[in-house]
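**Q** Take this sequence and fold it.
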Amino acid sequence: MTAPSRRSFTPTDVALVAVFAALIAVLSIMPAITIAGPVPITLQTLGVALAGLVLGPLRGFLAVVLYLVVGFAGLPVFAGGAAGLAVLGKPSAGYLLSFPVAALVAGLLVTVLPRLPGPRYLWYFLSGIAASILVIHPAGILGLMVNANMSLGKAFLTDIAFWPGDVVKNLVAAGLALAVHKAFPDLVLGRSRKPAAATVAV
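**A** Take a look at the predicted model:
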């Protein structure tokens with residue numbers, strides 16, 4: 001009989017999703033850095049990158065979705081202690097809504113890129129920063145244009161302020177994720193070394 005290619009979602013997976021959702025919440029409500037623009041600099045994206053890089057695509061995606069659901073339901077887990085659906089009318093809404101997709105993309109990339117030749121740390125970093133460049137920043141710019149009535153040029157210039165911090169946060173996320181995967185090599189998709197029936201993590 002052919003073994004299934006994917007294992008079922010386990011209680012451990014549920015626990016990991018919950019833990020990383022809580023981690024993102026903690027990083028989100030930590031003191032932010034206020035800049036000239038309408039969106040503060042927070043550690044939210046560090047948590048999002050960690051969720052994708054450490055847990056892989058599906059669990060990383062679900063961890064961020066859980067974080068958003070909890071916040072939309074009224075718990076003050078968004079930046080500045082904000083909560084509820086009212087945040088969707090704020091200039092930061094585009095960034096916020098992009099987070100689950102960013103975790104998914106980072107998780108997908110980290111299951112593939114580290115198999116290529118070269119330093120694994122570099123591939124971890126590129127997985128995280130690519131998700132930020134391809135998903136978070138375009139969505140953030142769109143949110144600024146819609147909710148802050150900015151032109152494309154002004155929204156782009158506002159978004160530029162977040163790039164240096166994103167580079168630093170993804171450097172940190174890459175190092176932490178790599179350390180976790182070295183300690184627990186079966187944690188992320190494609191890392192299993194066992195020839196068991198279920199060799200692919202969720």
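**Q** What number of residues are in the vicinity of Val70?
**A** Using other C-beta atoms under 10 Å, Val70 has 19 neighbouring residues. Any C-beta I mention is one placed from the backbone N, CA and C, and that applies to glycine too.
**Q** And what about the nearest residue to it once chain neighbours are set aside, helix, strand or coil?
**A** With sequence-adjacent residues excluded and distances taken as C-beta to C-beta, 6 or more residues apart in numbering, Val70 is closest to Val77, at 5.7 Å. Secondary structure assignment for Val77 (DSSP: H, G, I helix; E, B strand; the rest coil): coil.
**Q** In stretch 144-157, which residues are buried?
**A** Going by neighbour count (16 or more other C-beta atoms under 10 Å), the buried part of stretch 144-157 is 144-145, 147-148, 150, 155-156.
**Q** May I see these arranged in JSON lines, with secondary structure and distance to Gly71 as well?
**A** Formatted as JSON lines, the buried residues of stretch 144-157 follow (DSSP: H, G, I helix; E, B strand; the rest coil; distance: C-beta to C-beta, whole Å):
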{"residue": "Leu144", "secondary structure": "helix", "distance to Gly71": "20"}
{"residue": "Met145", "secondary structure": "helix", "distance to Gly71": "23"}
{"residue": "Asn147", "secondary structure": "helix", "distance to Gly71": "17"}
{"residue": "Ala148", "secondary structure": "coil", "distance to Gly71": "20"}
{"residue": "Met150", "secondary structure": "coil", "distance to Gly71": "24"}
{"residue": "Ala155", "secondary structure": "helix", "distance to Gly71": "23"}
{"residue": "Phe156", "secondary structure": "helix", "distance to Gly71": "27"}
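**Q** Thank you, goodbye.
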